[in-house]
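In: Predicted model and sequence follow; I will ask about them next.
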Amino acid sequence: MHPAFSIIIFTTLSGLGYGLAALLGLGLLDPAQMATKAAHVIALALIGGGLISSTLHLGNPQRAWRAFSQWRSSWLSREGVLAIFTFVPLTWSAWLAVFESRWEPVIGTAGTLLCAITVFSTSMIYASLKSIDSWHSPWTPASYLGFSAASGATATALFAALGGAESLWPFALGAAVLVAVAWAIKLGWREQTGRPPLSTPETATGLGHLGTVRELEPPHMTDNYLTREMGFRVGRKHARKLWLIASVVGCGVPVVLLIGLAVAAGAPGGAATLVSLAALASLMAGILVERWLFFAEARHAVMNYYRGQLS
Amino acid sequence: MTSLPRHETPKKLGLVIDLDVCVGCHACVVACKEWNTGGYGATLSDQQPYGADVSGAWLNRVHGYEVMPDNSDGVVIGEAGEARVVHFPKSCLHCEDAPCVTVCPTGASYKREEDGIVLVDEDKCIGCGLCAWSCPYGAREMDLAAGVMKKCTLCIDRIYNETLEEVDRVPSCVRTCPTNARHFGDLADPTSEVSQMVAERGGFDLMPEQGTRPVNKYLPPRPRTPLSACAQPAVEDTADAAGFFGWVDRMLDRI
Ligand code: SF4
Ligand code: SF4
């Protein structure tokens, strides 16, 4: 599948935003701290920015409001509706933190819950597509939720360090664990992509009972919407290297940094902030590569009709 | 509303495509583009139509496959090692469990309650492309100029159009096909010509494992005469030449 820049940015940024907002909703950070107030605002900005970026690839963005109407059947519509709903407790919590320096458990946890459901519905847009084998799996929502939690927790550690939290180690350790768990889930996701394909050129043409099917003459000589959108595939060699880069940059580096931070919890605030910032930047870079691969490696059933797009 | 019709539609209008008969001339492809570029909704735009990298939205495409028989059950569809060429037209199959309809966030994609035709309301479509992702058959293409999704309408502006002569009230592709490889009718009615054709010839679904329950059916290529049993070019033999030709034969032998 074509890895559209706007969708990759949207899913990673809003994943981070929702993760951060969800943890803020649990009241883990002191709302009186300047850093916590900033965290609330930044989480909202990340979510909003992601949503705006997601409309960039639309053919007719001026009608985007219509996408709120079909929540009964469409995960994309559900995601839109939930995103708007989620803004209510999140903005409320942010208001309370910024202007009243307090945390309201009911509003906060309502926000946390809605954040999780929204990320889940984003992932279900992909997981519900039977036409794309590697996405059509419970591992897909699991890994979206995992990465959202991991990036949110790392950001929380950063804001805890910025706010000079008394004991930083639980934040750092918690984030390290969540990062490791997220990548473990992702590993499980990658394993399941090895399943034999649901459809083949033989089932696509219905000619399998006659023999092996191979495309002889393509219907068009130049690319079309289908081959551009569905036919994109990254070379195996590159995919392997990119996966390696993603795991080192996105998992190895941040886990080591976060554990280091947990061990040296007594370190001065400035150093702790820098280390957690580096962990977050590295993690996000890794998630971006991982998200690019999520699209670029996905094989769509329509490619069974095209030769050279197989394997 | 992008929920599918709650009950089976009383009619299931669709196409039956005969893979035995299609010669891959692409006349249906061109007729479809011609009719639909001036008909229902946005024109089917082309990008760089006169440039090197021409592309555009088409609602019907003809693939060509080579089937290499690898079974020996006595039925000769082509001998082992001898490929059979199958021309393969492909357009929207107007699925009963159409995933393209349920994924649509705006209600632009819908399946008609009365005849099962799957359509896009272009005034509602935001061009998100999710429906094209959900269709395993590649039956939907975005019109890049209008930013809306295009697909086969089963020529809804022909089949119910009383200003046309009766013979023309079929989809453009069906009307055009010079070999009669395409048939249009109601597949919910077991007595219809198309249903009978499907029953007789063992019409099948494309990718049944995707669970889309297509309405359109394909008829398989018929068994053919083995190449070895076909008439061979006669070897020259003048043994029974008589009269004038016999004389010419004998004279020519001598020189
Ligand atoms: S063929 Fe594709 S576009 Fe047509 S109804 Fe089926 S899923 Fe939808
Ligand atoms: S491209 Fe249009 S018809 Fe297709 S899912 Fe999006 S809004 Fe619906």
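Out: The structure has been received and is ready for your questions. Numbers count the residues shown, from 1 in each chain, chains lettered A, B, ... in the order given. Ligands and ions are numbered 1, 2, ... in the order given.

In: So what would you say the end-to-end distance of stretch A:247-255 is?
Out: 11 Å (C-alpha to C-alpha, to the nearest Å).

In: which of the residues in that stretch are buried?
Out: By 16 or more other C-beta atoms under 10 Å in any protein chain shown, the buried positions in stretch A:247-255 come out as A:247, A:249-251, A:253-255. Backbone N, C-alpha and C define where each C-beta goes, glycine included.

In: Check which residues of the lengthiest helix in chain A are buried.
Out: As assigned by DSSP state H, the longest helix anywhere in chain A is helix A:269-296. Neighbour-count burial for helix A:269-296, counted by 16+ other C-beta under 10 Å, picks out A:272-273, A:275-296.

In: What is the neighbour count of A:Q62?
Out: Residues lying near A:Q62 (other C-beta atoms under 10 Å in any protein chain shown) number 10.

In: What pLDDT is listed against it?
Out: A:Q62 is assigned 91 on the pLDDT scale.

In: Phi, psi for it please.
Out: Geometry field for A:Q62 lists phi and psi as phi -60, psi -20, criterion degrees, to the nearest 10.

In: Pairing partners for the helix or strand A:V213 falls within, with directions?
Out: Using DSSP states H and E, A:V213 maps to strand A:211-217. Applying DSSP bridges, strand A:211-217 is found paired with strand B:60-69 (antiparallel).

In: and the next helix or strand after the strand it pairs with, what other elements does it pack with?
Out: Once the chain leaves strand B:60-69, the next helix or strand it forms, by DSSP H and E, is strand B:84-91. On a contact count with 3 or more C-beta pairs under 8 Å, 6 or more residues apart in numbering or on different chains; DSSP states H and E, strand B:84-91 meets helix B:27-37, strand B:60-69.

In: Only alpha carbons, please: show strand B:84-91 as PDB.
Out: C-alpha atoms of strand B:84-91 as PDB (Å, rounded to 0.1, in the frame of the first residue of the first chain):
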ATOM      1  CA  ARG B  84      -4.500 -21.400 -22.500                       C
ATOM      2  CA  VAL B  85      -5.100 -17.700 -22.900                       C
ATOM      3  CA  VAL B  86      -8.000 -16.200 -21.000                       C
ATOM      4  CA  HIS B  87      -9.200 -12.600 -21.500                       C
ATOM      5  CA  PHE B  88     -10.600 -11.300 -18.400                       C
ATOM      6  CA  PRO B  89     -12.800  -8.300 -18.100                       C
ATOM      7  CA  LYS B  90     -13.200  -6.900 -14.600                       C
ATOM      8  CA  SER B  91     -15.500  -4.200 -13.200                       C
END
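
In: For chain A, which segments are assigned as helices?
Out: Ranges of helices in chain A, per DSSP H, are A:5-25, A:34-54, A:75-100, A:105-127, A:139-162, A:169-192, A:201-205, A:225-230, A:236-247, A:253-263, A:269-296.

In: For the residue of the stretch 1-150 of chain A found nearest ligand 1, give me its contacts.
Out: When scored by C-beta to the nearest ligand atom, the stretch 1-150 of chain A has A:S131 as its residue closest to ligand 1, at 8.4 Å. Applying C-beta atoms under 8 Å, 6 or more residues apart in numbering or on different chains, we find A:S131 in contact with A:300-302, B:99, B:133-136, B:210.

In: Quick one: the helices and strands packed on strand B:84-91 as TSV, columns for mean neighbour count and mean pLDDT too.
Out: Listed next are these as TSV, based on neighbours: other C-beta atoms under 10 Å in any protein chain shown; pLDDT from 0 to 100:
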stretch	mean neighbour count	mean pLDDT
helix B:27-37	20	96
strand B:60-69	21	91
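
In: tell me, how many neighbours does residue 18 end up with?
Out: You didn't say which chain, so I picked chain A. 32.

In: look at chain B instead
Out: 22.

In: go on, B:S3?
Out: 14.

In: same deal with B:L93?
Out: 26.

In: I'd like to know how far the residue lying closest to it once chain neighbours are set aside sits from B:L13.
Out: With C-beta to C-beta, 6 or more residues apart in numbering or on different chains as the criterion, B:L93 has its nearest non-adjacent residue at 3.4 Å, and that residue is B:P214. From B:P214 across to B:L13, the span is 13 Å (C-beta to C-beta, to the nearest Å).

In: same deal with A:L226?
Out: Look at A:L226 and B:L13: by C-beta to C-beta, they are 25 Å apart.
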